[in-house]
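In: Give me a 3D structure for the following:
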Amino acid sequence: MSIMIMIAPVGILFLIGLTWVLGGMKEAAFTAPEEALERFRQDFFGFEANDIAVSDNGGHAALLHSSNRGQIGVCFSMGDNFATRLLRAGDVADLEHDGNAVRFRLHEFTGRKVALSFDDTEQAAAWAGRLSPLA
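Out: Residues are numbered from 1 along each chain as shown. The predicted structure is shown next:
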(Lines give C-alpha, C1' and ligand atoms only; values in the text may rest on other atoms or scores of the structure.)
Protein backbone atom coordinates (compact mmCIF):
# COMPACT_ATOMS: atom_id res chain seq x y z
CA MET A 1 0.00 0.00 0.00
CA SER A 2 2.77 2.49 0.92
CA ILE A 3 4.60 1.70 -2.33
CA MET A 4 1.49 2.58 -4.35
CA ILE A 5 1.20 5.90 -2.51
CA MET A 6 4.77 6.72 -3.55
CA ILE A 7 4.35 5.51 -7.14
CA ALA A 8 1.16 7.48 -7.86
CA PRO A 9 2.75 10.98 -7.69
CA VAL A 10 5.63 9.79 -9.87
CA GLY A 11 3.14 8.53 -12.46
CA ILE A 12 1.24 11.81 -12.41
CA LEU A 13 4.45 13.80 -12.87
CA PHE A 14 5.43 11.50 -15.74
CA LEU A 15 2.10 12.15 -17.52
CA ILE A 16 2.43 15.91 -17.04
CA GLY A 17 5.97 15.80 -18.44
CA LEU A 18 4.88 13.67 -21.39
CA THR A 19 2.10 16.14 -22.20
CA TRP A 20 4.58 19.00 -22.14
CA VAL A 21 7.10 17.16 -24.35
CA LEU A 22 4.42 16.29 -26.93
CA GLY A 23 3.32 19.93 -27.20
CA GLY A 24 0.17 19.72 -25.11
CA MET A 25 0.98 22.97 -23.35
CA LYS A 26 1.24 25.09 -26.53
CA GLU A 27 -1.14 27.97 -27.03
CA ALA A 28 -2.33 28.66 -30.57
CA ALA A 29 -1.29 31.94 -32.18
CA PHE A 30 -2.02 33.78 -35.41
CA THR A 31 0.92 35.06 -37.45
CA ALA A 32 -1.15 37.02 -40.00
CA PRO A 33 -4.62 38.57 -40.29
CA GLU A 34 -5.49 36.16 -43.12
CA GLU A 35 -5.11 33.22 -40.70
CA ALA A 36 -7.63 34.82 -38.34
CA LEU A 37 -10.13 35.35 -41.16
CA GLU A 38 -9.67 31.79 -42.42
CA ARG A 39 -10.24 30.38 -38.92
CA PHE A 40 -13.28 32.62 -38.34
CA ARG A 41 -14.82 31.51 -41.65
CA GLN A 42 -14.66 27.89 -40.52
CA ASP A 43 -17.41 28.74 -38.03
CA PHE A 44 -19.08 31.68 -39.79
CA PHE A 45 -19.05 30.84 -43.50
CA GLY A 46 -19.00 33.80 -45.84
CA PHE A 47 -17.99 36.39 -43.26
CA GLU A 48 -16.40 39.31 -45.09
CA ALA A 49 -14.03 41.39 -43.01
CA ASN A 50 -12.83 44.83 -44.06
CA ASP A 51 -10.63 45.27 -40.97
CA ILE A 52 -8.75 42.58 -39.04
CA ALA A 53 -6.55 43.18 -36.03
CA VAL A 54 -4.30 40.47 -34.62
CA SER A 55 -3.01 41.15 -31.13
CA ASP A 56 0.63 42.14 -30.90
CA ASN A 57 1.08 40.27 -27.62
CA GLY A 58 1.65 36.83 -29.09
CA GLY A 59 -1.16 36.67 -31.65
CA HIS A 60 -3.46 34.82 -29.25
CA ALA A 61 -6.51 36.90 -30.20
CA ALA A 62 -7.93 38.72 -33.20
CA LEU A 63 -10.84 41.04 -33.91
CA LEU A 64 -12.61 41.13 -37.27
CA HIS A 65 -14.97 43.89 -38.45
CA SER A 66 -17.48 43.67 -41.27
CA SER A 67 -18.69 47.16 -42.15
CA ASN A 68 -21.35 46.02 -44.62
CA ARG A 69 -23.08 43.94 -41.91
CA GLY A 70 -21.90 45.99 -38.94
CA GLN A 71 -20.68 42.83 -37.22
CA ILE A 72 -17.62 42.19 -35.10
CA GLY A 73 -16.07 38.79 -34.62
CA VAL A 74 -13.45 37.63 -32.16
CA CYS A 75 -11.05 34.69 -32.31
CA PHE A 76 -9.10 33.70 -29.22
CA SER A 77 -6.83 30.83 -28.36
CA MET A 78 -8.11 27.93 -26.29
CA GLY A 79 -5.12 25.66 -25.85
CA ASP A 80 -3.76 24.63 -29.22
CA ASN A 81 -6.86 25.75 -31.14
CA PHE A 82 -9.07 28.81 -31.47
CA ALA A 83 -12.60 29.61 -30.39
CA THR A 84 -14.68 32.13 -32.32
CA ARG A 85 -17.62 34.33 -31.43
CA LEU A 86 -19.77 36.67 -33.48
CA LEU A 87 -20.41 39.48 -31.02
CA ARG A 88 -23.85 40.97 -30.45
CA ALA A 89 -25.14 43.65 -28.09
CA GLY A 90 -24.56 42.55 -24.51
CA ASP A 91 -21.77 40.09 -25.35
CA VAL A 92 -18.97 42.40 -24.21
CA ALA A 93 -18.44 43.03 -20.49
CA ASP A 94 -15.81 44.97 -18.54
CA LEU A 95 -14.46 46.77 -21.61
CA GLU A 96 -11.17 48.57 -20.87
CA HIS A 97 -9.09 50.75 -23.16
CA ASP A 98 -5.67 51.78 -21.90
CA GLY A 99 -3.17 53.25 -24.35
CA ASN A 100 -2.56 50.65 -27.04
CA ALA A 101 -4.40 47.86 -25.17
CA VAL A 102 -8.02 46.75 -25.22
CA ARG A 103 -9.36 44.20 -22.76
CA PHE A 104 -12.83 42.79 -22.31
CA ARG A 105 -14.67 39.79 -20.99
CA LEU A 106 -17.18 37.78 -22.96
CA HIS A 107 -20.54 37.87 -21.25
CA GLU A 108 -21.18 34.13 -21.50
CA PHE A 109 -20.82 31.02 -19.40
CA THR A 110 -17.06 30.82 -19.99
CA GLY A 111 -16.48 34.40 -18.87
CA ARG A 112 -13.43 34.38 -21.14
CA LYS A 113 -11.16 37.43 -20.89
CA VAL A 114 -9.75 38.71 -24.17
CA ALA A 115 -6.76 41.05 -24.23
CA LEU A 116 -5.33 42.65 -27.34
CA SER A 117 -2.34 44.91 -27.79
CA PHE A 118 -2.16 47.08 -30.91
CA ASP A 119 0.57 48.87 -32.87
CA ASP A 120 -0.64 52.28 -31.79
CA THR A 121 -3.15 54.03 -29.56
CA GLU A 122 -5.34 55.17 -32.47
CA GLN A 123 -5.98 51.59 -33.58
CA ALA A 124 -6.78 50.56 -30.00
CA ALA A 125 -9.15 53.52 -29.61
CA ALA A 126 -10.92 52.64 -32.88
CA TRP A 127 -11.50 49.03 -31.77
CA ALA A 128 -12.63 50.14 -28.32
CA GLY A 129 -15.12 52.44 -30.03
CA ARG A 130 -16.45 49.59 -32.14
CA LEU A 131 -16.78 47.31 -29.11
CA SER A 132 -18.42 49.82 -26.76
CA PRO A 133 -21.94 49.56 -28.31
CA LEU A 134 -21.76 45.80 -27.66
CA ALA A 135 -21.17 46.27 -23.91
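In: When you work out contacts or count neighbours from here on, use the C-alpha atoms and nothing else.
Out: OK.
In: the longest helix in the protein is where?
Out: helix 2-21 (DSSP state H).
In: which is the next helix or strand following that helix?
Out: Proceeding N to C from helix 2-21, the next assigned helix or strand is helix 33-43, under DSSP states H and E.
In: Next, the buried residues of that following helix.
Out: 33, 36-37, 39-40 (16 or more other C-alpha atoms under 10 Å).
In: Please list the residues outside that helix that contact it.
Out: Residues outside helix 33-43 that contact it (C-alpha atoms under 8 Å, 6 or more residues apart in numbering) are 30, 47, 49, 52-54, 62, 64, 73-75, 82, 84.
In: Following the chain onward from that helix, which element is next?
Out: Following helix 33-43 in sequence, per DSSP H and E, is strand 51-54.
In: neighbouring strands for that next one, and are they parallel or not?
Out: Note on strand 51-54: by DSSP bridges, its sheet partners are strand 61-66 (antiparallel).
In: ok and the strand it pairs with relative to helix 33-43, angle-wise?
Out: Strand 61-66 runs at 70 degrees relative to helix 33-43, counting by axes from the mean of the first three to the mean of the last three C-alpha atoms, to 10 degrees.
In: Contacts for strand 61-66 next, please.
Out: 29-30, 33, 36-37, 47-55, 71-77, 114-116.
In: Now the buried members of those.
Out: 29-30, 33, 36-37, 47-49, 52-55, 71-77, 114-116.
In: low pLDDT regions in the chain?
Out: Along the chain, segments meeting pLDDT under 70 span 1, 22-25.
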